[in-house]
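Undergrad: what's the 3D shape of this:
(3 chains)
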Amino acid sequence: MKKQKPTGPEAVTAAIYAVVRAIPRGCVATYGQVAELAGLPSGHRRVARAMKTCPSGLPWQRVVGRKDARRAQIAIQDPEHAALQRKLLEAEKVAFDASGFIVLRRHGWLPIDL
DNA sequence: CGTGTGACGCGAG
DNA sequence: CCTCGCGCCACAC
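TA: Down below sits the predicted model:
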């Protein structure tokens, strides 16, 4: 019997998408968090790459970069694309700080680092 | 096949 | 709170 454990690149990507789709509306998760939940403890770069592919129907806007233990920030380099993400998040009632940070205590999907 | 880069994360100073 | 540096993984050249 083959290993049920996915080791193909497609399976890994599918796992990442599954986690992203599981993020509730109005909440956000960090790349590291998504990677860990997808079975990739150090695959944050992999998650970023997967988000960049930007498949339709995926709430990619809910995946954000981690600023520190209590805040997160949009990691997209493209200013226009970043503005789009912020707009989408605000449409979901996700609030931004004056500096453009998201309070994880308030919008974080799961507790990040105690 | 070696090198550089990127929608990242974390420790150290 | 700030900046700097390294680790991580996949891909382009």
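Undergrad: just the element for A:Gly65, please.
TA: Using DSSP states H and E, A:Gly65 maps to strand A:63-66.
Undergrad: again, but for A:Ala29
TA: Per DSSP H and E: strand A:29-30 holds A:Ala29.
Undergrad: number of residues surrounding A:Ala18?
TA: By the criterion of other C-beta atoms under 10 Å, A:Ala18 has 12 neighbours. To be clear about C-beta, it is placed using only N, CA and C from the backbone, and glycine gets the same treatment.
Undergrad: that one contacts A:Ala38, correct?
TA: Yes - A:Ala18 sits in contact with A:Ala38 when judged by C-beta atoms under 8 Å, with a separation of 7.4 Å.
Undergrad: for A:Gln73, which residues are in contact?
TA: A:Gln73 makes contact with A:64-67, A:100-102 under the criterion C-beta atoms under 8 Å, 6 or more residues apart in numbering.
Undergrad: next, A:Ile102: secondary structure please.
TA: strand (DSSP: H, G, I helix; E, B strand; the rest coil).
Undergrad: still on that earlier bit, the strand holding A:Ala29 vs DNA strand B: in contact?
TA: Yes - shown here: strand A:29-30 in contact with DNA strand B (C-beta under 7 Å from any atom of the strand) through A:Thr30.
Undergrad: what residues does that strand touch?
TA: Against strand A:29-30 from outside (C-beta under 8 Å, 6+ apart): A:19-20, A:23, A:37, A:44, A:62-66, A:72, A:108-110, A:112.
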